[in-house]
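> Return a 3D structure for these sequence lines:
(one chain, ligands or ions: 1)
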Amino acid sequence: MLRRSIRHYSTDLKSTLKKVIPAKQELFKQVKSNLADKKIGDLTVGGTIGGMRGYKSLLWEASVVDPNEGIRFHGYTIEQCQQFLPKSKYETEDPNSEFLPESMFWFLLTGEKPTQKQIDEFSEELASKAKLPSYLERILDSLPATLHPMTQLSIGISALNNDSSFAKAYEKGIPKSEYWEYTFDDSINLIAKLPSLVGKIYSNTYHKGATLGELDLNQDWSYNMSSLLGMTSESRNINNLSKQESKDFVNLVRLYCALHGDHEGGNVSAHATHLVGSALSDPYLSYSAGVQGLAGPLHGLAAQEVVRFILEMKDKIFGEINNSAKIEEYLWSLLNSKRVIPGYGHGVLRRPDPRFNAMIQFGLNRPEQFERDVLFQLVKNLSKVAPGVLKEHGKTKNPWPNVDSSSGILFYHYGVKELLFFTVIFGASRSLGPLAQLVWDRILGLPIERPKSVDLKTLAQ
Ligand code: HAX
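Residues are numbered from 1 along each chain as shown. Next up is the predicted model:
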């Protein structure tokens, strides 16, 4: 239930975006007409059959992953973003409060640092658009509670295309120059509804559809997601968290979602969104494709696999979490049975993922909660042992922990113990980057993606 009636918003996200469009359009035109024949990288047979590793073949504006340094958002590191991106209006002075995912979205989309006022209003706009339409609630209620929560998420997102302003405008006939405006509106509407969608799926799957919390139009996106999961003091507080713990949970959601929002364009969820969007599918259909990719165990599902693996390891080493030899022995038993070590390795990174470090730091900043958390300590100890084992194993190009190695265990700490659910929160977060890029795809009028395929005979010639 909404606590206040809905107001019409016109925050200046769109006008901030409009200001930066002409320069970018001009640059795009210049690159297209002057540099089309410039060679970038060497296309090789190995790359073509090996998942196109390293091919610089995608345009992606907001973030770049450096193999050694990790992610930078418009050139800024995670630590820098933590310094300048706005927090909740209620916690601006709290050093343990994290910046908001909506601040990250603003920054990803425009490349401009938003002010506190802009973000306060943007949070309000998102909350005002958060309620799910009744047809979607009925669709979700009709799904079996046994359906994987990621399947429910992708069904929910694609069903929202019923309300797509882009699809409706396209059907009526609009000039190409206007595509981005409708794409923008749909993207904001989709992001706004994700907390409710996530809450509804959690409630239907694990709490028989009970209302776990309510939307608060004065709160930010992550606070509302936490409330709808029943995790804030003002909601049903299903895990009986103290006031401090429930505040920390909200900040975990903020940090997690902001940091998982974008990881350049080539990862499966981002690329799938971009690919489907290139056919002018609306943002709901495009991002539901991204979510389906995120549901793969080599990508976002790793979050659930890691927690399962940590729990299993704790049992197998008889709780001796500080015994490196026991951890090592367990890791070898996995590798020898041809299993991967979940949460380790990466397609691009060749150093520990800075997002892993930021999530671990979240726990280290709260020693009163995490010093005695055996699973958190095991994740930390594992990160000292596993790289050596993977180096000796000699297969993976990157023996270091990736982002999924630490995040699930933090949610588990606050009582979100439904392993299949972890990737759904990732799914809410990952909307930020791919949808920001989809808007830019339409601004720049990028064509349908259509790489050329070759057969093996041609490759072998
Ligand atoms: N444990 C054991 N073996 C591993 C490994 C790991 N963690 N990571 C890679 N390898 C193996 C690969 O299976 C591959 O073996 P084969 O040659 O026998 O096929 C070999 O090392 C080379 O792989 P790579 O080039 O280093 O890695 P890829 O780019 O092919 O794959 C993956 C990257 C992330 C998929 C991979 O490291 C992996 O499977 N990791 C475990 C699952 C995981 O943590 N996924 C989450 C990744 C982060 C993410 O996208 N989150 O959304």
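> got a list of what whatever residue of the chain ends up closest to the ligand touches?
Using Cβ to the nearest ligand atom, residue 345 is the residue of the chain that sits closest to the ligand, at 2.1 Å. Bear in mind the C-beta positions are built from the backbone N, C-alpha and C, glycine included. Counting by Cβ atoms under 8 Å, 6 or more residues apart in numbering, residue 345 makes contact with 390, 396-399, 402.
> Can you lay out those as CSV showing pLDDT, distance to residue 330 and secondary structure?
Conversion of the contacts of residue 345 to CSV gives the following (pLDDT from 0 to 100; distance: Cβ to Cβ, whole Å; DSSP: H, G, I helix; E, B strand; the rest coil):
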residue, pLDDT, distance to residue 330, secondary structure
390, 98, 13, helix
396, 96, 17, coil
397, 95, 23, coil
398, 96, 21, coil
399, 97, 16, coil
402, 92, 19, coil
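> Drop anything exposed from the residues you listed.
Applying 16 or more other Cβ atoms under 10 Å to those, the neighbour count classes 390, 396, 398-399, 402 as buried.
> rewinding a little: with distance to residue 296 added, can I get the contacts of residue 345 in JSON lines?
Formatted as JSON lines, these follow (distance: Cβ to Cβ, whole Å):
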{"residue": "390", "distance to residue 296": "21"}
{"residue": "396", "distance to residue 296": "18"}
{"residue": "397", "distance to residue 296": "19"}
{"residue": "398", "distance to residue 296": "18"}
{"residue": "399", "distance to residue 296": "22"}
{"residue": "402", "distance to residue 296": "14"}
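> how far away is residue 166 from residue 187?
9 Å (Cβ to Cβ, to the nearest Å).
> Residue 430: what's it in contact with?
260-262, 269-270, 290-291, 294, 300.
> about what we covered before: output the buried ones among the contacts of residue 345 as JSON lines; include the columns distance to the ligand.
Putting these into JSON lines (distance: Cβ to the nearest ligand atom, whole Å) gives the following:
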{"residue": "390", "distance to the ligand": "6"}
{"residue": "396", "distance to the ligand": "3"}
{"residue": "398", "distance to the ligand": "6"}
{"residue": "399", "distance to the ligand": "8"}
{"residue": "402", "distance to the ligand": "4"}
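> farthest pair in those residues?
390 and 402 (11.8 Å; Cβ to Cβ).
> Please enumerate the shared neighbours of those two.
344-345.
> Go through the top helix by length along the chain and flag the buried ones.
Assignment by DSSP state H gives helix 179-206 as the longest helix of the chain. Judged by neighbour count using 16+ other Cβ under 10 Å, the buried positions of helix 179-206 are 179-206.
> Overlap in contacts, residue 166 and residue 187.
In contact with both residue 166 and residue 187: residue 283, using Cβ under 8 Å, 6+ apart.
> From the chain's centroid, how far away is stretch 40-47?
29 Å (Cα atoms, centre = their mean, to the nearest Å).
> So is it next to the ligand?
No - Stretch 40-47 does not reach the ligand (Cβ under 6 Å from any ligand atom); its nearest approach is 11.4 Å.
> how much space between residue 385 and residue 63?
30 Å.
> Out of those two, name the residue with the larger neighbour count.
residue 63 (23 against 17; other Cβ atoms under 10 Å).
> Over to the more buried one: give its phi and psi.
When quoted as degrees, to the nearest 10, the phi and psi of residue 63 stand at phi -150, psi 160.
> Convert stretch 361-376 to PDB, retaining C-alpha atoms only.
Below are the C-alpha coordinates for stretch 361-376, written out as PDB (Å, rounded to 0.1, in the frame of the first residue of the first chain):
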ATOM      1  CA  GLN A 361      35.200  -4.000   3.600                       C
ATOM      2  CA  PHE A 362      31.500  -3.700   4.400                       C
ATOM      3  CA  GLY A 363      31.900  -6.600   6.900                       C
ATOM      4  CA  LEU A 364      35.200  -5.300   8.200                       C
ATOM      5  CA  ASN A 365      33.500  -1.900   9.000                       C
ATOM      6  CA  ARG A 366      31.100  -3.700  11.200                       C
ATOM      7  CA  PRO A 367      33.300  -5.900  13.500                       C
ATOM      8  CA  GLU A 368      30.600  -6.100  16.100                       C
ATOM      9  CA  GLN A 369      28.500  -8.100  13.600                       C
ATOM     10  CA  PHE A 370      31.000  -9.900  11.400                       C
ATOM     11  CA  GLU A 371      34.000 -10.800  13.700                       C
ATOM     12  CA  ARG A 372      32.000 -13.700  15.100                       C
ATOM     13  CA  ASP A 373      30.400 -14.600  11.700                       C
ATOM     14  CA  VAL A 374      32.100 -18.000  10.900                       C
ATOM     15  CA  LEU A 375      31.000 -17.900   7.300                       C
ATOM     16  CA  PHE A 376      32.300 -14.400   6.700                       C
END
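> Name the residues of that stretch that are buried.
Result for stretch 361-376 [16+ other Cβ under 10 Å]: buried residues 362-363, 366, 369-370, 373, 375-376.
> before we move on, what about stretch 239-246?
By 16+ other Cβ under 10 Å, the buried positions in stretch 239-246 come out as 241, 245-246.
> Equivalent analysis for stretch 309-329, please.
Those would be 309-311, 313-314, 317, 321, 326-328, for stretch 309-329 by 16+ other Cβ under 10 Å.
> one step back: ok, so of the buried residues of stretch 239-246, who is nearest residue 416?
So of the buried residues of stretch 239-246, ranked by how close each gets to residue 416 (Cβ to Cβ), first place is residue 241, at 10.9 Å.
> so who does residue 402 touch?
By Cβ under 8 Å, 6+ apart, the neighbours of residue 402 are 302, 343-346, 349, 353, 355-356.
> mind redoing it with 7 Å?
Listed by Cβ atoms under 7 Å, 6 or more residues apart in numbering, the contact set of residue 402 reads 343-346, 349, 353, 356.
> Now, those residues that are in helices?
Counting by DSSP H, the contacts of residue 402 contribute residue 356 to helices.
> coming back round to it: Throw the contacts of residue 430 into JSON lines and include pLDDT, distance to residue 448 and secondary structure, thanks.
Shown next, in JSON lines, are the contacts of residue 430 (pLDDT from 0 to 100; distance: Cβ to Cβ, whole Å; three-state DSSP):
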{"residue": "260", "pLDDT": "96", "distance to residue 448": "28", "secondary structure": "helix"}
{"residue": "261", "pLDDT": "97", "distance to residue 448": "26", "secondary structure": "coil"}
{"residue": "262", "pLDDT": "98", "distance to residue 448": "23", "secondary structure": "coil"}
{"residue": "269", "pLDDT": "98", "distance to residue 448": "20", "secondary structure": "helix"}
{"residue": "270", "pLDDT": "98", "distance to residue 448": "17", "secondary structure": "helix"}
{"residue": "290", "pLDDT": "98", "distance to residue 448": "17", "secondary structure": "helix"}
{"residue": "291", "pLDDT": "98", "distance to residue 448": "21", "secondary structure": "helix"}
{"residue": "294", "pLDDT": "97", "distance to residue 448": "23", "secondary structure": "helix"}
{"residue": "300", "pLDDT": "91", "distance to residue 448": "26", "secondary structure": "coil"}
